[in-house]
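Trainee: got a predicted structure plus its sequence, pasted below:
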Amino acid sequence: MQVETLAGLMGLAGAVVGAALSTGAVIWQQRKAAHEAERTHLLGLAEAAANEIIRLSFEMEDLFEQRDPAEEGWRTELRQKCRGIEEQSLRFGDKDIRTYMSQINAELFVVSTMNGRIPDPGQYITMSVDIRQAMGSVLRREPLPERYRQSRAQLRRQARTATS
């Protein structure tokens, strides 16, 4: 093989390797940008959902403080707020937060469907405060506090034993 041919092949090989590296770098950068855009989108969804849940929790607290549960339409309004909370909860990527919100929403929904039994407003106002504290951790992008990772039943048992 002549020197000129060898030099030409080496140049061609260099160009191919350079093109492959360049293409690989572009693909990697595009994937990284797409991943970052998706992450930003999901964080935006979670932030918007947390803000809406905070708003609904204040409305729910007002419902328990300012209206009589025996009043017509009270349970329907509570059910609507529960559905709003449930809908927004589906937007969280964090499984702990989804589980916590699912538990609290189930507890609220039971109250909204119990006819004849008057719920204890204090218990549900406390739940509203808990919801806002959990949503605060979402907005601060912190993990859900350990006490909210426990089941609602465990939290109620702990509260009962603390007051006994």
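Mentor: It's in.
Trainee: contact partners of stretch 80-93?
Mentor: For stretch 80-93, contacts defined as CB atoms under 8 Å, 6 or more residues apart in numbering pick out 42, 45-46, 48-50, 52-53, 56-57, 59-60, 63, 97-98, 101-102, 104-105, 108-109, 112, 131, 138. Any C-beta I mention is one placed from the backbone N, CA and C, and that applies to glycine too.
Trainee: just the buried ones from those?
Mentor: Neighbour counting over the contacts of stretch 80-93 (16 or more other CB atoms under 10 Å) leaves 46, 49-50, 52-53, 56-57, 60, 63, 97, 101, 104-105, 108-109, 112, 131, 138 as the buried ones.
Trainee: against which helices or strands is the strand or helix carrying residue 40 packed?
Mentor: Taking DSSP states H and E as the definition, residue 40 sits inside helix 3-66. If you count contacts as 3 or more CB pairs under 8 Å, 6 or more residues apart in numbering; DSSP states H and E, helix 3-66 packs onto helix 74-89, helix 121-139.
Trainee: next, count neighbours for residue 65.
Mentor: Look at residue 65: counted by other CB atoms under 10 Å, it has 12 neighbours.
Trainee: show me what contacts it?
Mentor: 121, 125.
Trainee: look up how far residue 59 lies from it.
Mentor: 11 Å (CB to CB, to the nearest Å).
Trainee: what does residue 121 give?
Mentor: 14 Å.
Trainee: check residue 18 too.
Mentor: 61 Å.
Trainee: output stretch 94-103 as CSV, restricted to C-alpha atoms.
Mentor: Extracted in CSV, the C-alpha atoms of stretch 94-103 (Å, rounded to 0.1, in the frame of the first residue of the first chain):
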residue,chain,number,x,y,z
ASP,A,94,-43.9,10.9,44.2
LYS,A,95,-45.6,7.7,45.3
ASP,A,96,-45.5,8.6,49.0
ILE,A,97,-47.4,11.8,48.3
ARG,A,98,-49.9,10.0,46.1
THR,A,99,-50.4,7.4,48.8
TYR,A,100,-50.8,9.9,51.6
MET,A,101,-53.3,12.0,49.6
SER,A,102,-55.2,8.9,48.6
GLN,A,103,-55.6,7.9,52.3
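Trainee: state the mean pLDDT of that stretch.
Mentor: Averaging pLDDT along stretch 94-103 gives 89.
Trainee: list the contacts of it.
Mentor: 46, 53, 85-86, 89-90, 92, 131, 134, 138, 143-144, 148-149, 151-152.
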